[in-house]
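S.K.: Fold the following.
(2 chains)
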Amino acid sequence: MKLSLRTAARIAWRETRSSMVKFTFVVLGVAAGVGALSGVRGFSQSFEGMLTSEARTVMAADLTARQFLLADAGQTAELDALAKEGVERTLITETVSMASQPQPSAEAAPVLVSLKAVDPSKYPYYGAVKLDPAMPLDQALKPDTVVAGEDLLIRVGVKVGQEVRVGGQDFRVAAVVISEPDRMSGSLNIGLRMMMSREAFERTGLMQVGSRAAERYLFKLDAGAPPVEEVRAAIKSALPESTVADFSQSHPIITAGLDRATVFLSLVSLIALIVGAIGVGMAMHAHLQQKMDHIAVMKSLGATSGEIMRIYTLQTLMLGLAGGVGGVLVGRGVEQIFPALINKLFQINAPVSWHIEAAAQGIAAGILTTLLFTVPPLLAIRKIRPALILRRDMPEAKLPWRKRVSELRPALAAGAMILAGIGLLAAWLAESPRVGGYFAGALCVSLLLLAAVATALLKGLRLFIKRPPWRIPALTRQGFANLYRQGNQAQAILVALGLGVMFTLTVYLVQNSLVKEIIATAPPEMPNVFLVGVTDAQTGPLKALIAKQAGVLGPPVLGPAVAARLVSIDGVPVTDHQVDGVRRRFVNTRSVTWEAEQPSDVSVLQGKWWAKGTKEPVVSIEEDAAKTLELQPGAMLELVASGKTIRAKVVAIHRVDAMRATPSAEFVFNPEALAGLPVVYYGGVRMEPGSVGALQRAVYAKYPTITVVNIADALAIAQQVVDQIALVIRFLSGFAILAGAIILAASVAGTRFRRVREVVILKTLGATKRHVQRVFSIEFLTLGGVAGLLGSLLAAAFSSLVLKRLLDAHFHFDFVATGIAIFGTALLANVSGWLASFRILRQKPLEVLREE
Amino acid sequence: MAILEARNLTKIIDTGTHRVEILRGVNLEVPAGQFVAIMGASGSGKSTLLGLLAGLDTATDGRVILDGTDITGLNEDELAVVRGSKIGFVFQSYQLIPTLTAEENVLLPHELMGRDPRTGVARARELLDRVGLADRMDHYPVQLSGGEQQRVALARAFMVKAPILMADEPTGNLDSVNGRHVLELLLDLNRREHTTLVMVTHDQALASRADRVVTLKDGQIVDDEIREPAGAARL
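M.R.: Numbering: from 1, shown residues only, chains lettered A, B, ... in the order given. Sure thing, here's the model as predicted:
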C-alpha cells in the first residue's frame, strides 16, 4: 500500500470528525495554553510598540537623566553650556514625605506620600497632565497649591479646594490628577501621589543635602540642537552617575524589565501549554486504543506502521493547529485583561492590535508541544499486531524482564525527545539556552515527582478499596473503582491537573509567606517605626521627644548618612577596574556612615576596629562589599563627598549580625574622617503598635520635614507590588489549571462509550439518576481531590524549597489555602466531568443494549 | 391473575424519511409463575417487546401493566424503581459492571433499592454458591469466563426476589456445554424462587422447555401456544 499524503490527510480528517466531541476538549486545552502564551507576548509587543511610538510622551521629554543627588556647580555649568546649544532642561525631584490635614486628628493621621516637584512652565515637554477640574498644569500649580491623586485625597480626608499640610506648610489642593505622561518613568509608581511646583517644594524644606530624593532631568532638543546621540554623550559626561535615556531607545529600565517579565511569563504560559499538550497525548492514546481494530485491519490490508503513523501524525498536526488558532483568539482576550492586572504599576493605554509574530510563535509552540507529547502513543502504533483482529480478548503474555527493559527503550527515547523539545522551545521563547535547560530540567523533575506521587496515591487508594477497613456500599466503591477503568488515564489527569494546582499554589504560598515574613520575623528589638530625613540639629531634640512618648519599647536609633562616591582603591581609579555586574553599584554615589566605637551588632572578621578618638581617617568594610571590591585591611580608599576628597585606610572587614534601620553599614568610617560633610540621619524606634499614630502626630507637629514611616505603611507599598506581580503569575498559571480541567473533561468524553454502558446496566437494574450521579460524582471528586492534594503537597514542598534556599525566608504551612486548593480542585473536576458526561444520563437503556 | 399484561402495544420508529412499525398492537397476558418463550425471526420485534414489557423503552401506543402497576406513563426514574423491585434481567452479553467484583455485582440490585448491603451479603453468597461460584466471589468480570460471567448475571437477576425474570437470549454467547449449564441453573432458580420467566430466544430446544411459546412475525403475535413443558420430564 502506498499512502499518499493527501489520502493520509483525508483519513485523518475522517477520524477526527468522528471523534469531534473528545477532540474539541483537547483543542480547548491547547488553546488555553497557546492563549496565555500569545497573549503575554502580544501584550509585551503592544507595550513595547507603545513605548517606541510614544517614547517622547512616555518620558515627557527627548532625553532624561536620573540620579540620586543634585548636580554640583561644575555639572550645572556643563548643562548650561548645553542649553546654549538648544538643549532645554527642567528638573523633577521625587521623594517621599508625610501629608495630613492642617490639623491632623486621631481619625486622619498623617500619611506617607510620593512627592513630585516640577516646573509647571516647562513640564511636561511632551504629553499633558490631565487634571480634574480640567486646567493647564501651570495654572494649577502655584507656590501655595498642589495637585494630588484621588486616593491620596480620600486617605487624608480633604477635597479639591481644601488645604493639605506637607513639610509643615499648608497647600490648597487645586485639582485631582487623572493622568501624567511620565508616570511609569518615575522612581515610585505606587502609593499616594502628589505634585507641586518647585517653589512650593522649596517652601516645604524637604530638600536638604543628602536627602534621599531622585532627581530627574528632562531635556528637550530645540530646532538646531545637536543630534540626540551627541547630546546623550554630553549629558552622560556631565552627569556620570546618572542613567540617561533617550526617546530612540525608549526607557532602558522599562524595556529591560519588560523583556525579563515577558520571558518569565512566557515560561509560565508554556507550562499551561504543556498541560494542554499532555491532554492531546492522552486523547491520542485513548483514541488509538479504540482504533486498535481499525489499525489491525489496515495492517492486514498491507498498510505499514509508518503509513499509519503518518495518518495519526497528521491528525495531531490538525489538533495542534486548531488549538493554536483557537489559542490566538484566547490570547486576544488575555491581552485585553493584562493592563487591568498591572494598573497599579503601570498606566497603560496600549492599543491592542494583531501581532503576527506573537500569534505565529503561539501557534508554532502549540503544534510543537502537541506533536512532542503525541510521540509515545504514535510509537505504540508499531506494536499493534494485525492478528489482533482475530484474538482481541487474548490477554498479553507477560514478557521476561530483559525483554520488558528493551521494550522500554522507545519510551525512554520518546521521553528524552520530549524533554529536549521542551528545552529547545523554552530556550527559543526565553532566547537563552541556559534558561531553556533549567526550564526543561525543572519541568522534568516536577513531572517525575508528580507522576510518582500520583502512582503512589492511586495504588494506595486501590489497596484501600480492595481491602477496606469497613464495608463500602457498592455504588460508592464503584465511584472509586472507576478511577481504574480502562482508558480512564487517571494518572495523566492527576499529573496535568496537579501541575496546574502545584504551580498556582506555589506562587500564592511564596507570595504569602514572603509578606508574612516581613511582618512577623523582624526581631523583637527591630524598630517598627522608621525615621527618615533627620538633620544633625534635630537628632537630640527628636530623641528627647520620642523618649517622652508613651509605648516606646526601646531607645531610638539614628545613624548618620553621608553621600560619597568611591573614586580609587590603592590609587587605581575604580572606573578602570572591571565594573560589571554587582561591582558597578560601587562606582555610583552611596551612603556611607560613621561610628565612634565598634557597635555591639558588628563583629570584626579581619583587622582591628579603631580606638575611640582616632584622628587619621580609617574605614571598616562590610564583608560582602569587601569581597566584591577585593579589599583587604591595609588598602587605601579615595572617596569624594560634596566636592571634598576623603582618603581613608581600610583597617577592618566586618559583618553586621542584626537587621538595622540605620543607614547601610558597607563603609563605616571613624567620625573624624567625615567631619564637616553634609549629613542626614536615618533610624528607627520600636513602639507599641497602638502608639505609632500618636508618635507620628507628635513628630509631624514639631518636625514636619521628618518622615515617620510606620512599618505597616511600608509593608502596604511592598505588598501592593508583590500582590500585583503575583496576580499576573497566578492569572497565567490559572490557565494551566484550566487546561487540566479541560483534559479531565476530554478524558471523560473519551471514555463515554464505557460510561454509557455502565449507566445503562445500572439503570436496567433499577438505578435512578441520583444513583448514577453519585457514582460519577465520587469518581470526579476523588480525581479532583487527589489532584488537589497532590498539587498542594508538592506546592508546599516547592515553596518551602524556594523560600528557604533562594529567598532565605521561613515557610509556614497554610492549611486554609491548601484546603481551598483541594476542595476547589475537587469541585472544578466535578464540574468539568459533568459537563462532558451530561448527555450520558439521558441515554435510554434499550438503545444501548440493542447495539451489543 | 396476570402478573404482566400488554395491551395493544405498538412501537413505531419515525426516522424522518420513513416509518418503521416494529410492533403492531400486541396483546399479551402472562399469569404469575409461567415460563413464556418469545420466538421469532430476526427483526420480528421480540427484543423490542421484551424491552417494552420491562420498561426499558417507551411504547408509541398501548399500555404495559406490571404486577398491577401501569408503567406506561412513568418517567425514567420511576421506571428504574419498578425495574429494580419487580424485574430481574439476564442478557445475552452478561452486562456486568467491570469495576465491581462478582459478589458486588450480585449485591448491586439490593443496594440500589436502598437496602443495607450487610443484609444482602448472605443471600448474594448463597446465590453465587448455587451457581457454583463460591470460590470466585472476589473475582472481577474480566477474570471470569463467559459462562461464569453469565452465572454471576443469573445470581444478580435473582438477588432481590423480583417476581418477574426477563432473559434475552441468555445462552446466545455461550458454547453448547456452558449454554446448557446456564439454562439448567436458570430454570432451577426460577422454580425455586417461583418467578415468572419471559425469555426471548430463537433456539427451539430452549423454547421446548417453556410453558408457553409466543411467536412474533412482523411485529404481531402469529402464534400463542400453551404446552406441557417437555423439560419437566427431563429435569
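
S.K.: Report the closest residue of the stretch 751-852 of chain A relative to chain B.
M.R.: Per C-beta to the nearest C-beta, A:Gly766 is where the stretch 751-852 of chain A lies closest to chain B, at 1.8 Å. From N, CA and C alone the C-beta is placed, and that goes for glycine too.

S.K.: what's the weakest-modelled helix or strand in the chain?
M.R.: All of this is about chain A. Every helix and strand of chain A was ranked by mean pLDDT, DSSP states H and E. The lowest is helix A:845-851, at a mean of 64.

S.K.: part of a helix, is A:Leu542?
M.R.: Yes. Applying DSSP: H, G, I helix; E, B strand; the rest coil, one finds A:Leu542 inside a helix.

S.K.: isn't it right up against A:Thr535?
M.R.: No. Here A:Leu542 does not reach A:Thr535: they are 9.4 Å apart, not a contact under C-beta atoms under 8 Å.

S.K.: The residue of chain B at minimum distance from chain A: what's it in contact with?
M.R.: Closest contact between chain B and chain A, by C-beta to the nearest C-beta, is at B:Gly84 (1.8 Å). For B:Gly84, the contact set (C-beta atoms under 8 Å, 6 or more residues apart in numbering or on different chains) comprises A:765-767, B:109, B:112-113, B:160.

S.K.: what's the answer for A:Glu241, then?
M.R.: A:67-69, A:565, A:587-589.

S.K.: let's see 7 Å
M.R.: A:67, A:588-589 (C-beta atoms under 7 Å, 6 or more residues apart in numbering or on different chains).

S.K.: Likewise for A:Asp144?
M.R.: A:Asp144 makes contact with A:171-172, A:200, according to C-beta under 7 Å, 6+ apart.

S.K.: mind checking how far it is from A:Phe171?
M.R.: Between A:Asp144 and A:Phe171 the computed distance is 6 Å (C-beta to C-beta, to the nearest Å).

S.K.: okay, and the common contacts of these two?
M.R.: Taking C-beta under 7 Å, 6+ apart as the criterion, A:Asp144 and A:Phe171 both touch A:Ala200.

S.K.: quick one, helices of the stretch 501-650 of chain A?
M.R.: A:539-548, A:623-629 (DSSP state H, counting those that start in this stretch).

S.K.: Alongside chain A, which residues does chain B contribute?
M.R.: Applying C-beta under 7 Å from any C-beta of the partner chain, one finds that chain B approaches chain A through B:47, B:51, B:56-57, B:76-77, B:80-81, B:83-85, B:89, B:91, B:93, B:95, B:97, B:99-100, B:104, B:107-109, B:111-113, B:117-118.

S.K.: quick revisit: let's verify the residue of chain B closest to chain A: helix, strand, or coil?
M.R.: helix.

S.K.: Give me the residue at the spatial middle of the chain.
M.R.: Using chain A here. By C-alpha atoms, centre = their mean, chain A has its centre lying nearest to A:Ile725, at 4.2 Å.

S.K.: actually it's chain B I care about, not the one you picked
M.R.: B:Met166 (1.5 Å).

S.K.: Surely that one touches B:Leu49?
M.R.: No. Using C-beta atoms under 7 Å as the test, B:Met166 is too far from B:Leu49 to be in contact (10.4 Å).

S.K.: Pull the residues that contact stretch A:833-843.
M.R.: Outside stretch A:833-843, the residues that touch it by C-beta under 7 Å, 6+ apart are A:25, A:744-745, A:748-749, A:752, A:755-756, A:759-760, A:769, A:772, A:776, A:780.

S.K.: More neighbours: A:Leu542 and A:Thr535, which one.
M.R.: Neighbours were counted for A:Leu542 and for A:Thr535 using other C-beta atoms under 10 Å in any protein chain shown; A:Leu542 has more, 22 against 19.

S.K.: Show me what the residue nearest to that one when sequence neighbours are not counted is bridged to.
M.R.: Nearest residue to A:Leu542, sequence neighbours excluded (C-beta to C-beta, 6 or more residues apart in numbering or on different chains): A:Val534, at 5.9 Å. Note on A:Val534: beta-bridge partners by DSSP bridges are A:Tyr681.

S.K.: Also A:Val177?
M.R.: As for beta bridges, A:Val177 partners with A:Leu131 under DSSP bridges.

S.K.: That one and A:Gly819, how far apart?
M.R.: Counting by C-beta to C-beta, the gap from A:Val177 to A:Gly819 is 43 Å.

S.K.: With B:Val177 instead?
M.R.: 59 Å.

S.K.: out of those two, which sits in the busier spot?
M.R.: A:Gly819 (12 against 9).

S.K.: Using the three-state scheme, assign the more buried one.
M.R.: The three-state label given to A:Gly819 by three-state DSSP is helix.

S.K.: Where does the prediction get shaky in chain B?
M.R.: Residues of chain B meeting the criterion pLDDT under 70: B:15-16, B:228-235.

S.K.: pLDDT value on A:Thr521, please?
M.R.: Predicted confidence (pLDDT) for A:Thr521: 47.

S.K.: What of A:Pro133?
M.R.: 91.

S.K.: Would you check that it makes contact with A:Ala175?
M.R.: Yes. In this structure, A:Pro133 is within contact of A:Ala175 by C-beta under 7 Å, at 5.9 Å.

S.K.: Give me the more crowded residue out of these two.
M.R.: Per other C-beta under 10 Å, whichever of A:Pro133 and A:Ala175 has more neighbours is A:Ala175, with 23 against 9.

S.K.: Quick check: that one vs A:Glu150, distance?
M.R.: 10 Å.

S.K.: what's the answer for B:Asn75, then?
M.R.: Taking C-beta to C-beta, one finds B:Asn75 at 60 Å from A:Glu150.

S.K.: Around chain B, pick out the residues from chain A.
M.R.: Counting by C-beta under 7 Å from any C-beta, chain A sits next to chain B at A:471, A:473-475, A:477-478, A:481-482, A:484-485, A:758, A:761, A:763-769, A:771, A:844-846, A:849-850, A:852.

S.K.: Now do the same contact list for A:Pro633.
M.R.: A:606-607, A:650-653 are the contacts of A:Pro633 under C-beta under 7 Å, 6+ apart.

S.K.: run the last query once more with 10 Å
M.R.: Shown in contact with A:Pro633 (C-beta atoms under 10 Å, 6 or more residues apart in numbering or on different chains): A:604-608, A:618, A:620-621, A:626, A:649-653.

S.K.: Tell me how far it lies from chain B.
M.R.: 77 Å (C-beta to the nearest C-beta, to the nearest Å).

S.K.: Now that residue: closest residue in space that isn't a chain neighbour?
M.R.: If the residues on either side of it in the chain are set aside, A:Pro633 comes closest to A:Gly607, at 3.4 Å by C-beta to C-beta, 6+ apart.
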